[in-house]
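> how would this look folded up:
(chains A and B)
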Amino acid sequence: MKTTEFTLDLQAYVDGELDASHRAEVERVLASDAEARALVEGLRQLSELVRTHEPLARVPESREFYWSQIQRRIAAAEVAEGREARPASGALNWLRWLAPALGVAAVAVFVVLPRPSAETTTLASNGPVEDAVSMTFRSDADGVTIHWIN
Amino acid sequence: MSLKSDYPSASDEQLVAWAKDGDTEAFEELIHRHRDKIYARAMIMMRNEGDAVDLSQEAWVKAWQRLRQFQGESSFATWMTRIVINLCLDQIRRQKRTRAESIEELEEESGGVERQMPVVENNPTEGLETEELRRRIDEAMGKLTDAHRTVLVLHEFDGLEYKEIAKRVGISIGTVMSRLFYARRRMATLLQSLKRERSE
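Here you go, the predicted model:
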């Protein structure tokens, strides 16, 4: 029985992957080994058969429809690239991540610090994140301060 | 300046040059010329019409984005084929992560290649029309695992050397050799059974 290595050498010989000295070595064996010659011939035939009969297929869509889909994808990719490419400064990015922490800090300040004596105070402010709004309600009579952050 | 009537008669090189200047109609003509070949390659690799359409379209999108990088070292068709093959390889890798290797592949990895390849009898597909033969070969390729089919396609259809296949698939040259041998042996067996079916 042939070794794996020799079998693969025979295949490499068929595929033209051996250097000159290995090629000569394989050819010496082939001269006296009918089984090896049969294997080489089988590999050659199969390779030729497959190579010359590459399966064909047709796009199952019309020219116009196929192209329109590609156009849409190109446009979508360009929009996505534009979004990624839009400069976002480091400071703004930090603010985006810091927004929740800033909100909590603001709540703490309102709770801890003494408030003016007004019966109720309502505050609305725009935070660093565009849609973030906070509101505060304080009742001195009840000694209660409530904060909403949306 | 290009005229629309020039497109069908223009060479690929000319169309590429126009497309590089942003001429989408020239690019569309290139797609029209090569779309079946690119789709067919994706179809051979993926064995699934939906994936083949999706990946072939993605290949054209990538081609449009990278057109300026194409310097004509190879033909446009070869360059496109390389793009679609790479996308297919990426997709196969992603799919492979989510499913177990086939038993067939595991057997091959553990069994080596000592079992001899069945000798391909003289023209096992004798008498078949070319189209029928293509269909049968396609059918046989569909019975290979992704790993074996990929190596066979890259070697036989793209003409890549072992080391290039190893690099692109991310395996050793030894694995390329054993997978290629196994794929061929399986193809030979399938084609012989085809001949037997026909003679019965």
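> C-alpha only now, for contacts and for neighbours.
Fine.
> export stretch B:175-185 as PDB, just CAs?
Output of stretch B:175-185 as PDB, limited to C-alpha atoms (Å, rounded to 0.1, in the frame of the first residue of the first chain):
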ATOM      1  CA  THR B 175      -4.300  20.200   4.500                       C
ATOM      2  CA  VAL B 176      -4.800  21.700   1.100                       C
ATOM      3  CA  MET B 177      -3.300  18.600  -0.500                       C
ATOM      4  CA  SER B 178      -5.300  16.100   1.600                       C
ATOM      5  CA  ARG B 179      -8.500  18.000   1.000                       C
ATOM      6  CA  LEU B 180      -7.900  18.200  -2.700                       C
ATOM      7  CA  PHE B 181      -7.200  14.500  -2.900                       C
ATOM      8  CA  TYR B 182     -10.200  13.600  -0.900                       C
ATOM      9  CA  ALA B 183     -12.400  15.900  -3.000                       C
ATOM     10  CA  ARG B 184     -11.100  14.300  -6.200                       C
ATOM     11  CA  ARG B 185     -11.600  10.800  -4.900                       C
END
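> Could you list the buried residues of that stretch?
Neighbour counts over stretch B:175-185 (16 or more other Cα atoms under 10 Å in any protein chain shown) mark B:Val176, B:Met177, B:Ser178, B:Arg179, B:Leu180, B:Phe181, B:Tyr182, B:Ala183, B:Arg184, B:Arg185 as buried.
> what does stretch B:152-164 give?
Quick answer for stretch B:152-164 (16+ other Cα under 10 Å): B:Leu152, B:Val153, B:Leu154, B:His155, B:Glu156, B:Phe157, B:Asp158, B:Leu160, B:Glu161, B:Tyr162, B:Lys163.
> Repeat that for stretch B:28-46.
By neighbour count with 16+ other Cα under 10 Å, stretch B:28-46 contains the buried residues B:28-31, B:35-46.
> So which residues of chain B form helices?
Applying DSSP state H to chain B gives helices spanning B:12-20, B:24-46, B:49-66, B:76-97, B:103-111, B:130-142, B:146-152, B:162-169, B:173-199.
> Now these in JSON lines, please, with extra columns for mean pLDDT and distance to chain A.
Output for the helices of chain B, formatted as JSON lines (pLDDT from 0 to 100; distance: least, Cα to the nearest Cα, whole Å):
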{"stretch": "helix B:12-20", "mean pLDDT": "96", "distance to chain A": "14"}
{"stretch": "helix B:24-46", "mean pLDDT": "97", "distance to chain A": "5"}
{"stretch": "helix B:49-66", "mean pLDDT": "98", "distance to chain A": "6"}
{"stretch": "helix B:76-97", "mean pLDDT": "93", "distance to chain A": "14"}
{"stretch": "helix B:103-111", "mean pLDDT": "49", "distance to chain A": "10"}
{"stretch": "helix B:130-142", "mean pLDDT": "90", "distance to chain A": "5"}
{"stretch": "helix B:146-152", "mean pLDDT": "95", "distance to chain A": "9"}
{"stretch": "helix B:162-169", "mean pLDDT": "96", "distance to chain A": "8"}
{"stretch": "helix B:173-199", "mean pLDDT": "87", "distance to chain A": "7"}
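> looking at those helices, which is buried most?
Comparing the helices of chain B by mean neighbour count (mean count of other Cα atoms under 10 Å in any protein chain shown), helix B:146-152 ranks first with a mean of 24.
> Could you chop chain A up by domain?
Listed domain ranges for chain A are A:4-51, A:103-149 (source: automatic domain parsing).
> weakest of these by average pLDDT?
Of all the domains of chain A, the minimum mean pLDDT falls on domain A:103-149 (a mean of 52).
> Max pairwise distance over the buried residues of stretch B:152-164: which two?
B:Phe157 and B:Lys163 (15.7 Å; Cα to Cα).
> B:Tyr162: what's it in contact with?
Contacts for B:Tyr162 (Cα atoms under 8 Å, 6 or more residues apart in numbering or on different chains) come out as A:Glu17, B:His155, B:Ile173, B:Val176, B:Met177.
> For residue 101, give me the pLDDT.
Here I'm looking at chain A. 56.
> that's the other chain; I wanted chain B
Value listed for B:Glu101 in the pLDDT field: 51.
> same check, this time on A:Thr3
The predicted local confidence for A:Thr3 is 81.
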